[in-house]
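J.: just a sequence and a predicted model for now, questions to come.
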Amino acid sequence: MKILLLGKNGQVGWELQRSLAPLGEVIALDRHSQDLCGDLSQLQDLAATVQAVRPNLIVNAAAHTAVDKAESEPELARTLNALAPGVLAQEAHKLGAWLVHYSTDYVFDGSGSQPWLETDIPAPLSVYGQTKLEGEQLIAAHCSRHLIFRTSWVYAARGGNFAKTMLRLAQERERLTVIDDQWGAPTGAELLADVTAHAIRQAMEQPQDAGLYHLAASGETTWNGYAKHVIAQAERVRPAIKIVANEVAPVPASAFPTPARRPQNSRLNTGKLQATFGLCLPPWQQGVDRMLAEIL
């Protein structure tokens, strides 16, 4: 099998290079790739790349993920998050190929406290959420052989992340203030990549399993709870670490105004994915602890 992977150096793309390798030949691109176009802003060149590679599977791990910046550059965000996935879907359909794509809890308005189902009606609050939703819709319209995974609060050991920021601040400040009215599940890029590979294998044998799925670690927390867990676990893993923070104070999201509105409820119900693919998604703490053991 020939696999075209876009966004190879992102958090999820980096892990996908590992998890997809046993499935076939992986041609991994990013926007700086030379011979083939991996730049989602170049729609014609992107289509030409798919036509040249003729993959059996396209995995799109690239996106415009700067949520606040998207508010000031909506056209670019739409090109990367909606129009490019639409082009990939059209080209995949022509080849009879599969398309895997990642979306977000930001397609919802974050109301209530129940985990969101795939059948719940989206109502994005931001340009980012709007463009990611349009990307989902274009894929569904143009390519029946697709897997779309909505996820939330993604992190990885590679690159910057919330946990690394909290650890740095906890070594610099005695008091931290962290949002406690937004709920979700920190989800590791490793988990996303491994579940993706598993789901691809099954869906290719059972095409009726194509479609939209919610994929996140199990359990729930706030950013405040996440920060407290990270600091406590870091002290367990590396007792020599010099944490000076003695308080992680809860504050509402309104204390940190941002250009883009964030959903307060980012909980995702993953029952459909677990039942369809026979999976048990681990608690969010397990992945975070593993990541901390790797970076500390």
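T.: Okay, I see it. This structure is a prediction, so every number in the text was calculated from the model and none was measured.

J.: what sits opposite the residue lying closest to Ala255 once chain neighbours are set aside in the beta ladder?
T.: For Ala255, ignoring the flanking residues on the chain, the nearest one in space by CB to CB, 6 or more residues apart in numbering is Thr177 at 6.8 Å. In short, each C-beta sits where N, CA and C put it, glycine included. In this entry, Thr177 is beta-bridged to Ala249, by DSSP bridges.

J.: now do the contacts for Thr177.
T.: Taking CB atoms under 8 Å, 6 or more residues apart in numbering, we find Thr177 in contact with 248-251, 255.

J.: again with Thr270
T.: Listed by CB under 8 Å, 6+ apart, the contact set of Thr270 reads 115, 213-216, 218, 281.

J.: so which of the contacts of Thr177 is the most crowded?
T.: In terms of neighbours by other CB atoms under 10 Å, the contacts of Thr177 top out with Val248 at 22 neighbours.

J.: test my guess that that one contacts His229.
T.: No. Val248 lies out of contact with His229 (CB atoms under 8 Å); the separation is 10.0 Å.

J.: what's the farthest-apart pair in the contacts of Thr270?
T.: Taking CB to CB as the measure, the contacts of Thr270 span a maximum distance of 14.5 Å, between Tyr213 and Ser218.

J.: quick one, which of those two is more surrounded?
T.: Shown here are Tyr213 and Ser218; by other CB under 10 Å, Tyr213 has more neighbours (23 against 15).

J.: tell me the SS of that one?
T.: strand (DSSP: H, G, I helix; E, B strand; the rest coil).

J.: next one: the nearest residue to it once chain neighbours are set aside from Trp153, what distance?
T.: Nearest non-adjacent residue to Tyr213, counting by CB to CB, 6+ apart: Leu273, 4.2 Å away. Leu273 sits 17 Å away from Trp153, going by CB to CB, to the nearest Å.

J.: tell me how many other residues surround Ile121.
T.: 8.

J.: do you know how far it is from Asp181?
T.: Ile121 sits 23 Å away from Asp181, going by CB to CB.

J.: and Trp116, by the same measure?
T.: Taking CB to CB, one finds Trp116 at 17 Å from Asp181.

J.: neighbour count winner among those two?
T.: Neighbours per residue (other CB under 10 Å) separate Trp116 from Asp181, with Trp116 holding more: 24 against 15.

J.: identify the residues contacting the more buried one.
T.: Contacts of Trp116 by CB under 8 Å, 6+ apart are 105, 108, 214, 265, 267-269.

J.: also Glu118?
T.: By CB under 8 Å, 6+ apart, the contact list for Glu118 reads 150, 211-214, 269, 272.

J.: can you give me the pLDDT of the residue nearest to Arg54 when sequence neighbours are not counted?
T.: Once flanking residues are discounted, Arg54 sits nearest to Leu95: 6.1 Å by CB to CB, 6+ apart. Note on Leu95: pLDDT of 97.

J.: my guess is Leu95 contacts Ala52. True?
T.: No. Assessed by CB under 8 Å, Leu95 is found out of contact with Ala52, at 11.4 Å.

J.: and those two? Which one has more around it.
T.: Leu95 (18 against 12).

J.: now the more buried one: how far from Leu4?
T.: Applying CB to CB, the value for Leu95 to Leu4 is 10 Å.

J.: any shared contact partners between those two?
T.: Counting by CB under 8 Å, 6+ apart, the contacts common to Leu95 and Leu4 are 50, 55.

J.: now Gly211, which residues is it bridged with?
T.: Beta-bridge pairing for Gly211 (DSSP bridges): Leu147.

J.: tell me what the helix or strand where Lys272 lies is packed against?
T.: Under the criterion of DSSP states H and E, Lys272 resides in helix 271-277. When contacts are defined as 3 or more CB pairs under 8 Å, 6 or more residues apart in numbering; DSSP states H and E, helix 271-277 packs onto helix 189-205, strand 211-214.

J.: one more pass at 10 Å, please.
T.: Packed against helix 271-277 by the contact rule (3 or more CB pairs under 10 Å, 6 or more residues apart in numbering; DSSP states H and E) you find strand 146-151, helix 189-205, strand 211-214.

J.: who touches that helix?
T.: Applying CB atoms under 10 Å, 6 or more residues apart in numbering, the set of residues contacting helix 271-277 from outside is 115, 117-119, 147, 149-150, 195, 198-199, 201-203, 206, 208-209, 211-216, 218, 279-281.

J.: hmm, which of those residues are the buried ones?
T.: 115, 118, 147, 149-150, 195, 199, 203, 212-216, 279, 281 (16 or more other CB atoms under 10 Å).
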